[in-house]
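In: Attaching a predicted model along with its sequence, questions to come.
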Amino acid sequence: MRYIEPHGHMVSRTTDDYLAMVTAGCRAVCEPAFWAGFDRKSADGFYDYFCQLTDYEPKRAARFGLPHYSWLCLNPKESEDLELAEDVLALIPEFLERPNVLGIGEIGLNKNTRNEITVLERHVDLAASRGELILVHTPHLEDKLKGTRLILDVLDADRRIDPGRVIIDHVEEHTAPLVLDRGYWAGITLYPESKCTPSRAVDMLEMYGRERMWLNCACDWGVSDPLAVPKTALEMRRRGLSEDAIEGVLFHNPARFLQQCARFAIP
Ligand SMILES: [Zn+2]
């Protein structure tokens, strides 16, 4: 089986994880910019992080024969400081030219505050003005439904945005239909402790269709499983999905979305 891991924070993982992913059939990994577990104090911290995502980490993945792609942004958790946000937004364009960059992400909302919405709108404007793909993080738990609605309203308000070039990640049963009905792609995140289990994920594919969905592990420095996607293939097989159908969701779907970026090469 081959699959693409469309959302993994590999800078926080070990080389053992790379080896295990490649052994399980991973053919490409995509790494959105996100929170580091602490708030960065200056734009210089983001500059170094963007260098890590676009230079060092692709080389580390290449040692395992794994193509590595990245998404760039200031994440919503660090969007409260508007001055810092402007400094970081000014850094992003030069990095968008780098060969492994897929677009702007993971932007979105965390606590659904006014400043977070302002910074989200600034990122959407940057992506729209340059024709970049967008990857969106939706908030956790009780903030998810309201946050998803606010994010979709920001995206819908910009007429330059094509919903087919935007993926809304971490959807759950109560947000997936909102996202798909408006024409966006939806990402399901598989987490051992929160977010979604394999059986819930496959339930959602059965309920909402497989056409514009991808599955990801969103592994980071917290409790998470870099092999959550291939493990979900076991649940798909148990329910009688063919090997073609499984590869359709786990490989061809992310490939179809990502190849809208000219810098992405189908592995
Ligand atoms: Zn993430």
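Out: In hand now; what should we look at?

In: List the contacts of the residue in the stretch 1-150 of the chain that the ion sits nearest to.
Out: Nearest residue of the stretch 1-150 of the chain to the ion (CB to the ion) works out as F34 at 4.7 Å. From N, CA and C alone the C-beta is placed, and that goes for glycine too. Neighbour list for F34: 9, 75, 106, 137, 220 [criterion: CB atoms under 8 Å, 6 or more residues apart in numbering].

In: go with 10 Å
Out: 7, 9, 11-12, 49, 71, 73, 75-78, 105-106, 137, 218, 220 (CB atoms under 10 Å, 6 or more residues apart in numbering).

In: Would you list the buried entries among those?
Out: 7, 9, 11-12, 49, 71, 73, 75-78, 105-106, 137, 218, 220 (16 or more other CB atoms under 10 Å).

In: Please list which of the contacts of F34 also come close to the ion.
Out: When contact is defined as CB under 5 Å from the ion, the contacts of F34 meet the ion at A218.

In: can you tell me which of the contacts of F34 are in helices?
Out: Y49 (DSSP state H).

In: just curious, which of the contacts of F34 is nearest to R159?
Out: Ranked by distance to R159 (CB to CB), these are led by G105 at 20.6 Å.

In: Angles on the backbone of the residue of the stretch 1-150 of the chain closest to the ion, please.
Out: phi -150, psi -170 (degrees, to the nearest 10).

In: what's the pLDDT at it?
Out: For F34, the model assigns a pLDDT of 96.

In: how close does it get to C26?
Out: 19 Å (CB to CB, to the nearest Å).

In: swap in S42?
Out: 34 Å.

In: Between these two, tell me which one has more neighbours.
Out: Each of S42 and C26 has its neighbours counted (other CB atoms under 10 Å); C26 has more, 28 against 11.

In: List the residues that contact that one.
Out: 1-5, 8, 18, 20, 61, 64-67, 226-227, 229-230, 250-251, 267.

In: Buried among these? Make that a PyMOL selection.
Out: Entered in PyMOL, the line below selects the buried ones among the contacts of C26, by 16+ other CB under 10 Å:
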select buried, resi 3+4+5+8+18+20+61+64+66+67+226+227+229+230+250+251
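
In: and the contacts of C26, which of them are in strands?
Out: 3-5 (DSSP state E).

In: As a check, name the ranges of all strands in the stretch 101-250 of the chain.
Out: Along the stretch 101-250 of the chain, the stretches classed as strands by DSSP state E, counting those that start in this stretch are 101-108, 133-137, 166-169, 185-189, 213-216.

In: now these as JSON lines including distance to R237 and mean pLDDT?
Out: Compiled in JSON lines, the strands of the stretch 101-250 of the chain are given as follows (distance: least, CB to CB, whole Å; pLDDT from 0 to 100):
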{"stretch": "strand 101-108", "distance to R237": "30", "mean pLDDT": "98"}
{"stretch": "strand 133-137", "distance to R237": "28", "mean pLDDT": "98"}
{"stretch": "strand 166-169", "distance to R237": "25", "mean pLDDT": "98"}
{"stretch": "strand 185-189", "distance to R237": "17", "mean pLDDT": "97"}
{"stretch": "strand 213-216", "distance to R237": "14", "mean pLDDT": "98"}
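
In: Which one, of those strands, ends up nearest to E83?
Out: Comparing the strands of the stretch 101-250 of the chain by CB to CB, strand 101-108 comes nearest, at 18.1 Å.

In: Given the closest one, what are its sheet partners and their directions?
Out: Note on strand 101-108: by DSSP bridges, its sheet partners are strand 68-72 (parallel), strand 133-137 (parallel).

In: From the ones you listed, pick the one with the highest average neighbour count.
Out: Comparing the strands paired with strand 101-108 by mean neighbour count (mean count of other CB atoms under 10 Å), strand 133-137 comes out on top with a mean of 27.
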